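> can't give you the sequence, but here's the structure:
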């Protein structure tokens with residue numbers, strides 16, 4: 001058995017998450033959402049399908065991870081989060097295996113990790129004592145979080161040398177989300193399911209010694225049972241209904257209470273990534289997942305959700321008389337709700353199960369700021385706290401959780417950590433972050449500005465410059481926020497659209513910009529006015545002060561304006577300075593046949609060195625070979641409608657190569673090809689000129 005080493009558990013604990021989402025192990029530090037947690041859980045328990053929606057930055061994922069999922073687990077449900085990734089159907093199957101049937105090596109790893117960290121010398125103690133030792137850890141002790149973090153080990157559907165992260169049942173036992181008898185029931189179900197109910201049931205109790213539990217997890221017969229069950233559950237095909245029916249029949253019926261809650265998070269990706277780009281798609285869109293998977297997913301979800309009978313565990317005789325014990329939580333951003341028609345066709349109660357998560361109110365923000373600090377033994381001076389709340393509040397009522405986390409995390413790093421780790425732990429005087437600390441950091445504007453500059457610092461130079469170029473049009477000439485259509489920021493000629501999309505997504509994830517539906521499309525804007533000044537400062541420093549790069553940007557803009565235009569004519573569309581500037585920065589440009597042809601023509605016109613000519617000639621030849629098919633007649637007829645009447649170099653090469661079509665060309669068509677050959681053929685291609693001259697003479 002190959003057990004992969006887990007992350008070290010002595011990582012520094014801290015009260016705030018900054019830009020990161022909360023995880024299930026962060027339960028102790030998540031405050032301000034008690035009412036929403038209770039309401040969402042009640043809605044999930046009352047409905048087969050619940051829709052959680054909110055604007056970007058409201059903290060949906062954090063709320064699900066840190067409160068909703070643990071709360072559902074404590075109520076006996078198996079709730080786990082699923083992301084669409086590149087195949088939502090396979091993502092559901094994989095997440096189910098990882099959560100419901102984690103490999104025994106994961107259980108062993110979690111057990112060994114806790115035993116080593118909590119029991120001196122790894123003395124053999126009862127399981128109850130190990131759990132008590134964990135419960136006695138201070139909330140702020142980094143071990144408390146580290147011992148329930150995910151482990152990486154062999155996956156049920158992957159080879160042992162390809163580890164995956166999972167949340168073993170022993171972690172849930174430490175977090176008090178399940179009881180010891182539930183853990184034992186799971187292990188017993190694995191054994192019985194693999195042997196058709198034969199054999200003795202594994203008896204796991206609080207009085208069981210850790211060494212005995214370890215022996216169970218290491219027992220070759222138990223490992224064999226696990227592998228046999230997993231292999232049995234790997235049903236062929238992609239039918240989710242068959243997969244879950246088989247899971248309920250072979251494993252779930254052996255649990256006293258077995259119910260699943262599929263938490264489908266970031267559901268908007270179903271509509272943003274699984275799209276048909278159409279015939280006008282740019283290159284990068286071909287790398288997106290197949291759009292057909294979206295419709296296959298909804299068809300599978302409809303069948304899974306539907307009223308087709310499943311095993312009735314009360315009858316126990318194979319009478320299939322009820323729906324599967326599965327509930328669904330869909331979490332997504334507000335702006336994509338209108339696209340849920342595929343769900344509405346089979347989930348009739350969808351409109352009644354909406355839950356809109358709002359931003360924090362002032363009281364909730366107060367709890368989210370003060371309670372984590374209290375756990376770590378410090379607080380905020382009254383004036384300091386009032387200024388924080390005042391500056392974070394929008395419309396005198398709402399606070400964005402993402403901005404709150406950034407400000408508080410910065411104050412923790414600047415002073416809170418020092419207060420929490422120095423001084424007499426027993427002293428009565430409360431340690432406070434004073435107003436001057438907040439003021440010296442530039443208050444909220446300064447902290448969030450540093451957040452932006454820190455974000456840029458984490459990028460390489462090329463990514464930083466491209467990111468700033470994405471942000472540049474989002475600021476008006478008057479220094480206010482502008483609104484730009486998302487596609488205009490991504491699909492820029494001669495740029496890597498896929499890379500720009502990734503950078504824009506990163507800006508959204510870091511709450512620097514947001515995307516919203518407006519006027520029938522999706523538009524992007526900067527999230528807050530305070531970001532405009534640092535953005536403009538960064539643009540001025542990184543893009544405009546470097547004269548060489550500034551010249552390159554101007555030349556590239558000229559090239560972008562020309563993009564796709566007719567290249568016929570003897571006057572180069574680029575100046576000599578623009579040509580050589582673009583040549584020096586050619587590695588940063590996403591070239592195609594048109595742009596290579598333009599550069600080749602300019603190289604010829606300006607007498608560029610032979611190596612430059614050869615470089616663009618070879619590049620053009622390679623790009624031309626990938627052009628879509630055209631007809632000789634269509635290429636020449638297009639040229640006849642243009643002024644001057646010339647083929648482009650790409651079209652000339654194509655027509656010249658299609659010799660079997662030459663005999664049927666009219667005189668006016670042949671003249672177009674002949675004049676194009678005279679204009680664009682190089683000295684090395686005298687044979688081309690001679691050939692088309694003879695063709696012209698043949699009409700006399």
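Ah, there it is. Just so you know, these numbers come straight off a predicted model, no measurement behind them. Residues are numbered from 1 along each chain as shown.

> Give the closest residue to residue 394 in space, chain neighbours not counted.
Once flanking residues are discounted, residue 394 sits nearest to residue 400: 7.3 Å by Cβ to Cβ, 6 or more residues apart in numbering. C-beta here means a position set from N, CA and C on the backbone, and glycine is covered the same way.

> That neighbour: what's it in contact with?
Contact analysis of residue 400 by Cβ atoms under 8 Å, 6 or more residues apart in numbering lists 57, 58, 359, 360, 392, 394, 511.

> could you redo the last one with a cut-off of 10 Å?
By Cβ atoms under 10 Å, 6 or more residues apart in numbering, residue 400 lies in contact with 55-59, 359-360, 365, 392-394, 406, 511, 527-528.

> Same question for residue 578.
Taking Cβ under 10 Å, 6+ apart, we find residue 578 in contact with 551, 552, 554, 555, 556, 557, 558, 559, 572, 602.

> For those residues, could you give me CSV that also reports neighbour count, secondary structure and distance to residue 244?
Formatted as CSV, those follow (neighbours: other Cβ atoms under 10 Å; DSSP: H, G, I helix; E, B strand; the rest coil; distance: Cβ to Cβ, whole Å):
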residue, neighbour count, secondary structure, distance to residue 244
551, 17, helix, 61
552, 18, helix, 56
554, 13, helix, 59
555, 21, helix, 58
556, 21, helix, 53
557, 11, helix, 55
558, 15, helix, 58
559, 20, helix, 54
572, 18, coil, 65
602, 22, helix, 62
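
> tell me the domain ranges of the chain?
As assigned by automatic domain parsing, the chain contains the domains 23-100+258-358, 102-218, 362-441, 447-545, 548-624, 632-697.

> Out of the ones you listed, which gets the lowest mean score?
Lowest mean pLDDT within the domains of the chain: domain 632-697, at a mean of 73.

> can you give me phi and psi for the residue nearest to residue 394?
Note on residue 400: its backbone torsions stand at phi -80, psi 120 [degrees, to the nearest 10].

> contacting residues for the closest residue to residue 294 other than its chain neighbours?
With sequence-adjacent residues excluded and distances taken as Cβ to Cβ, 6+ apart, residue 294 is closest to residue 274, at 3.6 Å. Residue 274 makes contact with 84, 86-88, 288-297 under the criterion Cβ under 10 Å, 6+ apart.

> again, but for residue 96
So residue 96 contacts 78, 80, 82, 156, 233, 240, 243, 244, 247, 260, 262 (Cβ under 10 Å, 6+ apart).

> host element of it?
According to DSSP states H and E, residue 96 maps onto helix 88-100.

> What's the first helix or strand after that helix?
Counting by DSSP H and E, the element after helix 88-100 in chain order, helix or strand, is helix 104-118.

> Flag every buried residue along that following helix.
Under the neighbour-count criterion of 16 or more other Cβ atoms under 10 Å, helix 104-118 has 104-115, 117-118 buried.

> Pull the contacting residues for the residue nearest to residue 180 when sequence neighbours are not counted.
In this structure, residue 180 finds its nearest non-sequential neighbour in residue 206, 5.2 Å apart by Cβ to Cβ, 6+ apart. The contact partners of residue 206, by Cβ under 10 Å, 6+ apart, come to 126, 127, 128, 129, 130, 131, 132, 179, 180, 181.

> Give the bridge partners for the first one, please.
Just to be clear, that refers to residue 126. Partner residues in beta bridges with residue 126, using DSSP bridges, are residue 209.

> ok, now which ones touch it?
By Cβ under 10 Å, 6+ apart, the residues touching residue 126 are 132, 205, 206, 207, 208, 209, 210, 212.

> Likewise for the third one?
In this structure, residue 128 makes contact with 180, 205, 206, 207, 208, judged by Cβ under 10 Å, 6+ apart.

> partners of the lengthiest strand in the chain in the sheet?
The longest strand of the chain (DSSP state E) is strand 326-333. Sheet pairing here is set by DSSP bridges, and for strand 326-333 it gives strand 49-54 (parallel), strand 260-264 (parallel).

> Could you double-check that residue 93 lies in contact with residue 246?
No. Residue 93 is beyond contact range of residue 246, at 11.3 Å (criterion: Cβ atoms under 10 Å).

> Compare the two (neighbour count), which wins?
The residue with more neighbours, out of residue 93 and residue 246, is residue 93; 21 against 17, by other Cβ atoms under 10 Å.

> Can you point out the buried residues in the host helix or strand of residue 507?
Using DSSP H and E, residue 507 maps to helix 497-509. Within helix 497-509, the residues that qualify as buried are 497, 498, 500, 501, 503, 504, 506, 507, 508, counting by 16+ other Cβ under 10 Å.

> and it, what does it pack onto?
In terms of contacts (3 or more Cβ pairs under 10 Å, 6 or more residues apart in numbering; DSSP states H and E), helix 497-509 is packed against helix 443-457, helix 461-471, helix 486-490, strand 513-518, strand 521-526.

> Can I get the ones you listed in JSON lines including distance to residue 535 and mean neighbour count?
What follows is the helices and strands packed on helix 497-509, written out as JSON lines (distance: least, Cβ to Cβ, whole Å; neighbours: other Cβ atoms under 10 Å):
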{"stretch": "helix 443-457", "distance to residue 535": "7", "mean neighbour count": "18"}
{"stretch": "helix 461-471", "distance to residue 535": "5", "mean neighbour count": "18"}
{"stretch": "helix 486-490", "distance to residue 535": "14", "mean neighbour count": "19"}
{"stretch": "strand 513-518", "distance to residue 535": "10", "mean neighbour count": "18"}
{"stretch": "strand 521-526", "distance to residue 535": "7", "mean neighbour count": "17"}
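
> Present these as JSON lines; the columns should include distance to residue 698.
Shown next, in JSON lines, are these (distance: least, Cβ to Cβ, whole Å):
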{"stretch": "helix 443-457", "distance to residue 698": "65"}
{"stretch": "helix 461-471", "distance to residue 698": "54"}
{"stretch": "helix 486-490", "distance to residue 698": "50"}
{"stretch": "strand 513-518", "distance to residue 698": "61"}
{"stretch": "strand 521-526", "distance to residue 698": "55"}
